[in-house]
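**Q** attaching a predicted model along with its sequence, questions to come.
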Amino acid sequence: GENVDLKHTLRTLDTHVSSRRDTLPLQKQVRDALRQSNLQLRQRNGLLGNKPLLRDFEEKVDDATGLSQRIDTLRAHHAQLSAETLATKRKIQKAQIVAGTI
């Protein structure tokens, strides 16, 4: 009766567990291979897989470009001011020479 049914159920479950247990190591190997492959892809693609890092990098590049342009503008302005200062010094020197000879 009931014992026979339970023994049959137990044998069925044992068979099922045994077959699943046999496939477990293979499934773990596949899982580990996929993990390794995923890691290699992440390393190869760098920022592509990480949107916040990619966005931050793009912002830093934009900031650096803006700062480079600002540096160029400031250098040009400095050169202009240096030329004006030199011209003013020369005018002062000429004025001193002229004032000294009169």
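**A** Okay, I see it.
**Q** now the helices for this protein?
**A** Along the chain, counting by DSSP state H, helices occupy 2-45, 51-101.
**Q** dump the ones you listed into TSV; add mean pLDDT and mean neighbour count as well.
**A** Yep, even glycine has a C-beta here, placed from its N, CA and C like the rest. Putting the helices of the chain into TSV (pLDDT from 0 to 100; neighbours: other Cβ atoms under 10 Å) gives the following:
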stretch	mean pLDDT	mean neighbour count
helix 2-45	92	10
helix 51-101	94	10
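**Q** tell me the spacing between the spatially closest residue to residue 47 that is not a sequence neighbour and residue 33.
**A** Excluding its sequence neighbours, the residue lying closest to residue 47 (Cβ to Cβ, 6 or more residues apart in numbering) is residue 54, at 4.4 Å. For residue 54, the distance to residue 33 equals 27 Å [Cβ to Cβ, to the nearest Å].
**Q** ditto for residue 15
**A** Counting by Cβ to Cβ, the gap from residue 15 to residue 33 is 29 Å.
**Q** what of residue 20?
**A** 20 Å.
**Q** could you do residue 98 as well?
**A** Relative to residue 33, and taking Cβ to Cβ, residue 98 is found at 90 Å.
**Q** then residue 69?
**A** Residue 69 is 49 Å from residue 33, by Cβ to Cβ.
**Q** repeat for residue 22
**A** In terms of Cβ to Cβ, residue 22 sits 19 Å off from residue 33.
**Q** check residue 65 too.
**A** To residue 33, residue 65 is 42 Å away according to Cβ to Cβ.
**Q** likewise residue 39?
**A** On the measure of Cβ to Cβ, residue 39 and residue 33 end up 11 Å apart.
**Q** again, but for residue 16
**A** Residue 16 is 26 Å from residue 33, by Cβ to Cβ.
**Q** same deal with residue 1?
**A** Distance from residue 1 to residue 33, by Cβ to Cβ: 49 Å.
**Q** check residue 71 too.
**A** For residue 71 relative to residue 33 (Cβ to Cβ), the value is 50 Å.
**Q** repeat that for residue 4.
**A** From residue 4 over to residue 33 (counting by Cβ to Cβ), the distance is 45 Å.
**Q** next one: residue 43
**A** Per Cβ to Cβ, residue 43 is found 16 Å from residue 33.
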